[in-house]
Structure formats: C-alpha cells, structure tokens
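**Q** what's the 3D shape of this:
(one chain, ligands or ions: 1)
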Amino acid sequence: MSPRNQASQLALLVKLQDIHAQKRNIEKLLNTIPQEIDLIQAETDRYEEEIEQTLKLEQSLESQRRSYENEINDRDQKLKQYQTQLLTVRTNIEYAAMLRQIDGLKRMNEETGEQIFHVEEEMEERRERRAEKEEAHRRVKIENDKKIGEQTQKLEQAQKQLETITARAEKLRAKISPALYARFQRIAEARDGVAVVAATGGICQGCYTRIRPQVFDEIRRGDTIVQCESCSRILYYDAKQDAKKA
Ligand SMILES: [Zn+2]
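**A** All right, here's what the predicted structure looks like:
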C-alpha cells in the first residue's frame, strides 16, 4: 500500500472507531429504553392490582352482608311461625318456652343487624378508598402513558439512528483493507473498543506510555501502520493536538 494510502487508511480507522462508539451508545439506549418502559408500565399496573384487590375485598364483604341478611330472613320466618304457634299453645309452660325462643331469635337478629351495620361501614370505607385509588390511577395512567409514548418515540429514533450508522460503518469498512480491518477489530475487542489513538507529544494516548523517538518519527510520517509497543493500539499523528500540547 502506498504511503498516502496508509495515511488515509488511518484516518478512516479513526472515523470508523468514532462511529463504532456512537453505535455502542445507541445499542445501550436500545437496551435500556424497553427496561424503562417496563418500569413505567409496572407502576400503572400496581395501581390496577391494588384496585382489583380492594374490589375483591368489597365483594367478600358484600357476600358476608348478604349471608347476615339471609340469617335474619330465616329467623324472621321462624318468628312468624312461633307467633302463629303462640296462639295455639295450651299450657303456660309451653307459652313461656315459646316466648323465650322468640326473645332469643329477636336478640340474635339485633346482633346480626349490628354486624351488618359494621360490615356496611367497612364497605363504605373501602369504596371511598378505592375511589381515591381509581382517581390516582387515572392521573398516573395519563402521565405514564405519555412517558411511555415518549420513550417509544426515543426507541424508534434510536433504531433509525442505528440503521443509518450501521450503513455508514459498512461504507467506511469497505474502504479499509480487510487485513487492517481485522487487526483493528482484534485490538478493539481487547482494548474496550479503542484500537486507534493519537500519539500526542510522543505519548500513546491509549496507555500513556512514552513512544521511542524513532517510532514517533515513523508515526509522524504516517506511511506505515505503527502499533504501540506497550498496549498494541494503532497510533496516528494528530498535528492539531500536538500543537496544543506543545
Ligand atoms: Zn499504548
């Protein structure tokens, strides 16, 4: 490969490395956004579950109330029977016994009536609490659905960006010699995605090791691919950065 070509290959690698870094960031977003959406949805779902639970409790209180009412109805039936029988009783003893039965049933009905009162009170309390929860749920859902919409939009944008950037990376890659690209990929994998670094001020900007003067001269000429003797990263000369350092 001609020296000029070598320099442009290095420039392409630097560009490609930058694109790869952007690609990793987008991929990170593509991973985290769905998790974020799940968290937001889980919050809305939690409200719904709580409402569902309160509703179930209300239903069980309602069925308790109904069973108390049935008890009272049954006793009322018996009371009616006893009151009719009372008219046909012959002895005082039988009469007194029947009155005792009637009093007993009436007392039990009063107690059950009290219980119904308490159950209804609790039901009312639960209903109020559920209404509050439902109101909160409505607010949270509107807010969270909006947030999910925004996140979904971000996700779609990131997907599009990934497509664009992947195409750009492919275009660049096609211009780089396969052997050099393979070397670049190997180093990138071993060095956290950073395979090409500047040799600013005679120092490798990847591992901050001083570069031997004759090697640095080689890098400055830019006609060969030079790797850092310490970290193996490909080194290039950045005149602008070097001027800033000097
Ligand atoms: Zn190095």
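**Q** and the residue nearest the centre of the chain, how far is that from residue 137?
**A** A centroid search over the chain (C-alpha atoms, centre = their mean) returns residue 39, at 2.8 Å, as the residue closest to the centre. With distances taken as C-beta to C-beta, to the nearest Å, residue 39 is found 17 Å from residue 137. Quick note: C-beta positions are derived from backbone N, CA and C, even for glycine.
**Q** just residue 202 next, same as before
**A** Counting by C-beta to C-beta, the gap between residue 202 and residue 137 amounts to 65 Å.
**Q** doesn't residue 15 make contact with residue 172?
**A** Yes - using C-beta atoms under 8 Å, residue 172 makes contact with residue 15 at a distance of 6.0 Å.
**Q** how near is the residue nearest to the centre of the chain to residue 50?
**A** Distance, residue 39 to residue 50, using C-beta to C-beta: 17 Å.
**Q** and the longest helix along the chain, what does it pack onto?
**A** Secondary structure of the chain per DSSP state H: the longest helix is helix 3-88. Under the contact criterion of 3 or more C-beta pairs under 8 Å, 6 or more residues apart in numbering; DSSP states H and E, the helices and strands touching helix 3-88 comprise helix 92-175, helix 178-190, strand 196-200, strand 234-236.
**Q** For the first one, the averaged confidence score.
**A** Taken as a whole, helix 92-175 has a mean pLDDT of 97.
**Q** got the angle for it vs helix 178-190?
**A** Counting by axes from the mean of the first three to the mean of the last three C-alpha atoms, to 10 degrees, helix 92-175 points 140 degrees away from the direction of helix 178-190.
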